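Engineer: Sharing a model that was predicted from the sequence below.
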Amino acid sequence: MDMLWSGWGDPAKAAPLPDSVTGLLRDLLGVKPRDTDTYALEEISLPEPPPADALRALADAVGGEAHVRTDAESRIRHTRGKSTPDLLRIRAGDARDAPGAVVLPATHDEVLAVLRACAVHGLAVVPFGGGTSVVGGLAPERSAFVALDLRRMNGLIDIDTVSRTATLQPGLRAPDAEALLAEYGFTLGHFPQSYEWATIGGFAAARSSGQASAGYGRFDEMVLGLTVATPEGTLEAGRAPRSAAGPDLRQLVLGSEGAFGVITAVTVRIRPQPRTRVYEGWRFATFEEGATALRRLAQDGPRPTVLRLSDETETFVGLAQPDAIGSTEATVSAGCTAIAGYEGTEEDTALRREQAAAVLRAAGGTFLGAEPGERWAHGRYSAPYLRDSLLDAGAFAETLETAAFWSRVPELYAAVRAALTDTLTAAGTPPLVMCHISHVYENGASLYFTVVSAQGEDAVAHWAPAKRAANEAVLNAGGTISHHHGVGTDHRDWYVREAGQLGIEALRAVKQRLDPDGLLNPGILLPVD
């Protein structure tokens, strides 16, 4: 099943906003339904596909014409990603940067053959997994390109139950990976908000971080080995759990967003499936108080598997329970809601819950019971559907995330909120800015912001100054430009500043060696020369 071309996920799961919410948006933010209608798929104009000789070469590379698609629907479904500007543009019929063709290889060797064919015919290549990028990671700065859809590479290559490792193909969607591992009694433990649609290769390429990262770690921490197809040949990285044999080439590929090569296999650490899962809620008087409590658990333990904290605004609106917003079940109250989740054996889970509860109470927390945690777990993948409903109602809704050391988190939180609020208010669309701590580490944490406002006359142009202001605030306050969404084109210019000129020149040298013709995702991660 394909994702909704003009929105997120399964169309059957989309639902209009309740009248109570549309009324609140109207009264609080001045949101009004827009008169413009979404284009029908068949009404959208597309650029010309590659010439016939290039299409024949691509078909030869992947075993026949059936695996090279040039129909309008396939190309539109592979146009850009799923950021709010991406969706607004495609709804308005703008597909100027659609791929000329969609190519579906089935093996590593076929990927290499596609790269050779594209080099001969001057076509850029954009690796495409679940299509869930929200940072411009699928919109290269080159007009003639193909989308390399890896969906046929969707298997479990190998599992080592002694070492607790599994080798997976890149086009395998996360739920399918979990189902395959479950047959052997294991789990990957990686559950980002994009879980239902994102792929193993995409997780690696963007340095994804799942909602259970406090217990299982980030995806880049799970990766033990990678196979990468490049225009210059095959790169293998990782042959042991740890090594002192030079710099770790795995780290060069992780987060590279397809700019250095196409990931064709990922070896990951796996863990036994937990026997029990328990999620619960806590209340703190202020965001600062709650952040202090999370820091104590992250630094001194015991660390829950899931640990997150919504600020006062997000708690009041009820975004910590997105499937309940606008319903009588939504909890609207003062303070900040924290979610703690525990997975493992019954004995281990019970002990960690008891010890963590003592820390949370000592830090000022009030136990809310299991209901808030269970509701969060039930609705943990609902927020992108809510975003689509907000767009349908005439609101603008977007997210951004960053991370910093604990000592810089308060400054970072205040700076980004101020940048978004001031910029959008000056544009005549005062926003509602919400935030939560989504991932914690011994030395710092991630902040995940959600912004809702009226769309203004030009919704895409309306967001651009606010995004720039937020990016500037992130760097000036000591944060990183991206914690788990990647760089893409949206963050690229700020990533250049974060990495520094010498660092960028070193990465350019890597790209020149692996991709001398600049075929792979040009303009993504690194500026085009």
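Structural biologist: It's in.
Engineer: Next, the buried residues of stretch 219-237.
Structural biologist: Within stretch 219-237, the residues that count as buried by 16 or more other Cβ atoms under 10 Å are 219-220, 222-231, 235, 237. Heads up, the C-betas are built off the backbone N, CA and C, glycines and all.
Engineer: Ignore what I typed, I meant stretch 18-38.
Structural biologist: Buried, per 16+ other Cβ under 10 Å, within stretch 18-38: Val21, Thr22, Leu24, Leu25, Arg26, Leu29, Val31, Thr38.
Engineer: Quick check: Ala334 vs Phe316, distance?
Structural biologist: Remark: distance between Ala334 and Phe316 (Cβ to Cβ, to the nearest Å) = 7 Å.
Engineer: for this structure, what helix or strand is lowest in average pLDDT?
Structural biologist: helix 19-29 (a mean of 87; mean pLDDT, DSSP states H and E).
Engineer: Would you mind listing where the stretch 251-400 of the chain has pLDDT under the threshold?
Structural biologist: Scanning the stretch 251-400 of the chain for pLDDT under 70 picks out 319-333.
Engineer: Apply 80 and report the result again.
Structural biologist: Scanning the stretch 251-400 of the chain for pLDDT under 80 picks out 319-334.
Engineer: can you give me the strands for it?
Structural biologist: For the stretch 251-400 of the chain, the strands defined by DSSP state E, counting those that start in this stretch occupy 262-269, 271-272, 276-284, 306-310, 336-344, 366-369, 395-405.
Engineer: Would you mind putting these into CSV with mean neighbour count alongside?
Structural biologist: Formatted as CSV, these follow (neighbours: other Cβ atoms under 10 Å):
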stretch, mean neighbour count
strand 262-269, 25
strand 271-272, 15
strand 276-284, 21
strand 306-310, 26
strand 336-344, 26
strand 366-369, 13
strand 395-405, 23
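Engineer: sec struct for the nearest residue to Thr267 once chain neighbours are set aside, please.
Structural biologist: Leaving aside its chain neighbours, Thr267 sits nearest to Gly225 (3.5 Å; criterion: Cβ to Cβ, 6 or more residues apart in numbering). Three-state assignment for Gly225 (DSSP: H, G, I helix; E, B strand; the rest coil): strand.
Engineer: any idea how far stretch 521-529 is from the chain center?
Structural biologist: Distance, stretch centre to chain centre, for stretch 521-529: 19 Å (Cα atoms, centre = their mean, to the nearest Å).
Engineer: what's the answer for stretch 335-349, then?
Structural biologist: Using Cα atoms, centre = their mean, the offset of stretch 335-349 from its chain centre is 24 Å.
Engineer: likewise stretch 260-278?
Structural biologist: That offset, for stretch 260-278, works out to 16 Å (Cα atoms, centre = their mean).
Engineer: just stretch 470-483 next, same as before
Structural biologist: Distance of stretch 470-483 from its chain centroid, counting by Cα atoms, centre = their mean, is 17 Å.
Engineer: List the buried residues for it?
Structural biologist: Applying 16+ other Cβ under 10 Å to stretch 470-483 flags Ala470, Asn471, Ala473, Val474, Leu475, Ala477, Gly479, Thr480, Ile481, Ser482, His483 as buried.
Engineer: Of the buried residues of stretch 18-38, just say which sits nearest to Arg497.
Structural biologist: Leu29 (32.4 Å; Cβ to Cβ).
Engineer: one step back: can you tell me which of the strands of the stretch 251-400 of the chain comes nearest to Asp86?
Structural biologist: Distance to Asp86, taken as Cβ to Cβ, is lowest for strand 395-405 among the strands of the stretch 251-400 of the chain, at 10.5 Å.
Engineer: which other helices and strands contact that closest one?
Structural biologist: When contacts are defined as 3 or more Cβ pairs under 8 Å, 6 or more residues apart in numbering; DSSP states H and E, strand 395-405 sits against helix 84-91, helix 383-392, helix 409-426, strand 444-454, helix 459-476.
Engineer: Mean neighbour count, these: which tops it?
Structural biologist: A comparison of the helices and strands packed on strand 395-405 by mean neighbour count, using mean count of other Cβ atoms under 10 Å, puts strand 444-454 on top with a mean of 24.
Engineer: Please write out the alpha-carbon positions of that strand in PDB.
Structural biologist: Extracted in PDB, the C-alpha atoms of strand 444-454 (Å, rounded to 0.1, in the frame of the first residue of the first chain):
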ATOM      1  CA  GLY A 444      21.700  16.600  27.000                       C
ATOM      2  CA  ALA A 445      18.300  16.400  25.400                       C
ATOM      3  CA  SER A 446      16.300  17.000  22.200                       C
ATOM      4  CA  LEU A 447      13.600  19.600  21.900                       C
ATOM      5  CA  TYR A 448      10.700  19.000  19.500                       C
ATOM      6  CA  PHE A 449       8.600  22.000  18.600                       C
ATOM      7  CA  THR A 450       5.200  22.100  17.000                       C
ATOM      8  CA  VAL A 451       3.900  25.300  15.500                       C
ATOM      9  CA  VAL A 452       0.300  26.100  14.500                       C
ATOM     10  CA  SER A 453      -1.000  29.400  13.000                       C
ATOM     11  CA  ALA A 454      -3.200  30.700  10.300                       C
END
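Engineer: and that strand, how far out from the chain's middle?
Structural biologist: The chain centroid and the centroid of strand 444-454 are separated by 14 Å under Cα atoms, centre = their mean.
Engineer: Check stretch 406-417 too.
Structural biologist: In terms of Cα atoms, centre = their mean, the centre of stretch 406-417 is set 22 Å apart from its chain centre.
Engineer: again, but for stretch 371-391
Structural biologist: Counting by Cα atoms, centre = their mean, stretch 371-391 is centred 16 Å from the centre of its parent chain.
Engineer: Now do the contacts for the residue nearest to Val409 when sequence neighbours are not counted.
Structural biologist: Excluding its sequence neighbours, the residue lying closest to Val409 (Cβ to Cβ, 6+ apart) is Ala445, at 5.7 Å. For Ala445, the contact set (Cβ atoms under 8 Å, 6 or more residues apart in numbering) comprises Ala291, Leu294, Arg295, Ala298, Ala403, Ala404, Trp406, Val409, Ile437, His439.
Engineer: TSV please, covering those and showing distance to Ala214.
Structural biologist: As requested, the contacts of Ala445 are exported to TSV (distance: Cβ to Cβ, whole Å):
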residue	distance to Ala214
Ala291	14
Leu294	9
Arg295	12
Ala298	7
Ala403	14
Ala404	17
Trp406	15
Val409	16
Ile437	11
His439	7
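Engineer: Filter those residues down to the buried ones.
Structural biologist: Going by neighbour count (16+ other Cβ under 10 Å), the contacts of Ala445 have Ala291, Leu294, Arg295, Ala298, Ala403, Ala404, Trp406, Val409, Ile437, His439 buried.
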